[in-house]
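Asker: A predicted structure for the sequence below; I have some questions about it.
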Amino acid sequence: MIEAIKINNLKYSYQGSQQLFDDFNLTIQVGQWVALVGHNGSGKSTLAKLILGLIVANSGDIDVFGERLSVATVNHVRAQIGMVFQNPDNQFVGATVADDVAFGLENMQKPSSEMPKLIDEALEIVGMQAFKNREPHMLSGGQKQRVALASVLALNPKIIILDEATAMLDPEGRDMVMQTLQKLKARFGSELTLITITHDMDEASLADRVVVINDGKLILDGEPATVFSERDIMHSNGLELPFAGELLAKLDKRPNSYLDERELVQWLSHLKK
């Protein structure tokens, strides 16, 4: 498979502090949805900043689609990656939703004649086209994050990183964003690589692959069912399982393999008294 991101022997320490990443290695394949999980301070967001070249590693290599991240290549690498941050209010710069999506296109010097079509397409993908003339402060948190996602999509990135993008949202807003991500993967498939940074295991369960890190070390890496079957390791690293996983652990009679919430409901409904 083609590698979207390849990290080799990465070393990084904050100024005046102990080493965070020490010979860290990780490969993400093109088209994967990877949930990068860990408790606060585990290194998740720092890793995203290193991939974007916002901070510089002490040593080691980061390759994006085979291109080595360096001072000479950082702008080209960044152009292939879109980023959605935690607080949607910090991402708005336009007077309207359409203005905000247009901002990135203007920075890329897209011809003004092409921009309305690109704006409409991006907003349609995230289900926000009807709100394009709305003022951002009139939107709900979930709607704001979908607009932030549209602003990224308009730039046609190959990778999208969402850094705790649902952490400040209510349950309805969180569901809006996660449903949008599922639709994105269904629509773009192997053309789009998604990295969601989160400590919410129910969100992580939607990904193709879950990578658990703690203090800059890779703890677990695999399909959600495989990772969530390691309940003791998850707990020892400050993480709960998804609701279904925690419930499974408390049952006297258990299925032979990990089940998500829908599968667990079906399994329980067939149990004989």
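Answerer: That came in fine, so what should we check first?

Asker: pretty sure Pro87 contacts Met168?
Answerer: Just to correct that, residue 87 is Asn rather than Pro. Yes: shown here, Asn87 and Met168 form a contact pair, counting by C-beta atoms under 8 Å, at 5.8 Å. In this view, the C-beta of every residue, glycine as well, is placed from N, C-alpha and C.

Asker: Poorly predicted segments of the chain, please.
Answerer: 1, 16, 256-257, 259, 272-273 (pLDDT under 70).

Asker: Would you point out which residue is most central in it?
Answerer: Central residue of the chain (C-alpha atoms, centre = their mean): Thr196, 1.6 Å from the mean position.

Asker: Could you pull up phi and psi at that one?
Answerer: phi -110, psi 120 (degrees, to the nearest 10).

Asker: didn't it look like it was pressed against Leu181?
Answerer: Yes: under the criterion of C-beta under 8 Å, Thr196 makes contact with Leu181 at 7.1 Å.

Asker: got any residues that touch both of those two?
Answerer: Common neighbours of Thr196 and Leu181, using C-beta atoms under 8 Å, 6 or more residues apart in numbering, are Trp33, Leu162.

Asker: Distance check, the residue nearest to the centre of the chain against Gln86.
Answerer: Look at Thr196 and Gln86: by C-beta to C-beta, to the nearest Å, they are 12 Å apart.

Asker: Touching both of those two, which residues are there?
Answerer: Here Thr196 and Gln86 have Ala165 as joint contacts, going by C-beta under 8 Å, 6+ apart.

Asker: by contact count, what packs against the longest helix that the chain contains?
Answerer: The residue-count maximum for a helix in the chain (DSSP state H) belongs to helix 171-188. The helices and strands touching helix 171-188, judged by 3 or more C-beta pairs under 8 Å, 6 or more residues apart in numbering; DSSP states H and E, are helix 115-125, helix 141-153, strand 193-198.

Asker: Make CSV out of those and add distance to Val227.
Answerer: Formatted as CSV, the helices and strands packed on helix 171-188 follow (distance: least, C-beta to C-beta, whole Å):
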stretch, distance to Val227
helix 115-125, 29
helix 141-153, 25
strand 193-198, 13
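
Asker: any chance you could map the strands in the stretch 151-273 of the chain?
Answerer: Taking DSSP state E, counting those that start in this stretch to define them, one finds strands in the stretch 151-273 of the chain at 159-163, 193-198, 209-214, 217-222.

Asker: What strands line up against the shortest one, and which way round?
Answerer: Meaning strand 159-163. Next to strand 159-163 in the sheet, as set by DSSP bridges, lie strand 81-84 (parallel), strand 193-198 (parallel).

Asker: Also the third one?
Answerer: Applying DSSP bridges to the sheet, strand 209-214 is found paired with strand 33-37 (parallel), strand 217-222 (antiparallel).

Asker: So which residues lie in contact with it, not counting its own?
Answerer: 26, 32-39, 42-44, 47, 204, 218-224, 227-228, 233-234, 237-239.

Asker: and if you look at the second one?
Answerer: For strand 193-198, the external contacting residues (C-beta under 8 Å, 6+ apart) are 4-5, 28-37, 44-45, 48, 158-167, 181, 184-185, 203-204, 207.

Asker: List only buried entries from the residues you listed.
Answerer: Among those, those classed as buried by 16 or more other C-beta atoms under 10 Å are 4-5, 28-37, 44-45, 48, 158-166, 181, 184-185, 203-204, 207.

Asker: domain parsing for this structure?
Answerer: Domain assignment for the chain by automatic domain parsing gives 1-80+159-172+183-241, 94-156, 242-273.

Asker: What ranges does the stretch 1-150 of the chain have for its helices?
Answerer: 44-52, 74-78, 97-107, 115-125, 141-153 (DSSP state H, counting those that start in this stretch).

Asker: Can I get these in CSV including distance to Leu264?
Answerer: Output for these, formatted as CSV (distance: least, C-beta to C-beta, whole Å):
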stretch, distance to Leu264
helix 44-52, 27
helix 74-78, 41
helix 97-107, 39
helix 115-125, 32
helix 141-153, 26
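
Asker: most tightly surrounded among these?
Answerer: helix 141-153 (a mean of 25; mean count of other C-beta atoms under 10 Å).

Asker: which outside residues touch that helix?
Answerer: 82-85, 88-89, 91-92, 97, 100-101, 103-104, 122-123, 125-128, 131, 136, 139, 160, 162, 165-166, 168-170, 172-177, 180, 184.
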